[in-house]
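Colleague: Quick check, what structure comes out for this input:
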Amino acid sequence: ERGPPTEDELAANPQPEPDAQAEHEPDAEAAQEEPPAPMKKEFVFPENPPFTAYVGNLSFSIKDSEQFSQQVVDLVKNKLGKELNVTKSRVALDRQQNNKPKGFGYIEFETVEDLKTLLQLANDDAQIAGRPIRLDVAAPQQNDRRSYQPRS
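Modeller: Down below sits the predicted model:
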């Protein structure tokens, strides 16, 4: 049978004293603190054109580019009172499923200022067609469609 721990064993494995443990427990006031506000997303803007935004979580009822760009322009005008100059827009369609909308699109602007204006709504429950949209700076388009080159 093993007896009580020796002084050497106690020194090697100190046990917290009951009062010390109480100091580390969160008090009732700390437990009722509000959760931190969501962080604002930081964007990296392109220095040169194209100035393109990704718009995600679009309603599948949005099928054409004109409708899409008009809804984005109207949203910014209603929320921020500013006009945007759209140069091009595109709703992503699934070619393998009868051109069914994929639920996202891209919208290109004349200036980086227009892009920045739209992205002011990224942290503001902005909605198009009754759905909250997700906004981001679009990644530069990759032209990886290589033509067929037979091996020699």
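
Colleague: Give me the neighbour count for I62.
Modeller: For I62, the count of nearby residues is 19 (other CB atoms under 10 Å). All C-beta spots, glycine's among them, are computed from the backbone N, C-alpha and C.

Colleague: sorry, that was for T117
Modeller: When neighbours are counted by other CB under 10 Å, T117 comes out with 16.

Colleague: Show me what counts as buried in the host helix or strand of it.
Modeller: T117 belongs to helix 112-119 when assigned by DSSP states H and E. Under the neighbour-count criterion of 16 or more other CB atoms under 10 Å, helix 112-119 has 114-115, 117-119 buried.

Colleague: One more: stretch 137-146?
Modeller: In stretch 137-146, counting by 16+ other CB under 10 Å, buried: 137-138.

Colleague: Pull the residues that contact it.
Modeller: 43-46, 50, 52-54, 106, 115, 119 (CB atoms under 8 Å, 6 or more residues apart in numbering).

Colleague: Buried among those residues? Make that a PyMOL selection.
Modeller: Those of the contacts of stretch 137-146 that count as buried under 16+ other CB under 10 Å are selected in PyMOL with:
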select buried, resi 52+53+54+106+115+119
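
Colleague: Tell me the spacing between T52 and D125.
Modeller: 23 Å (CB to CB, to the nearest Å).

Colleague: Please consider this matter closed, and thank you.
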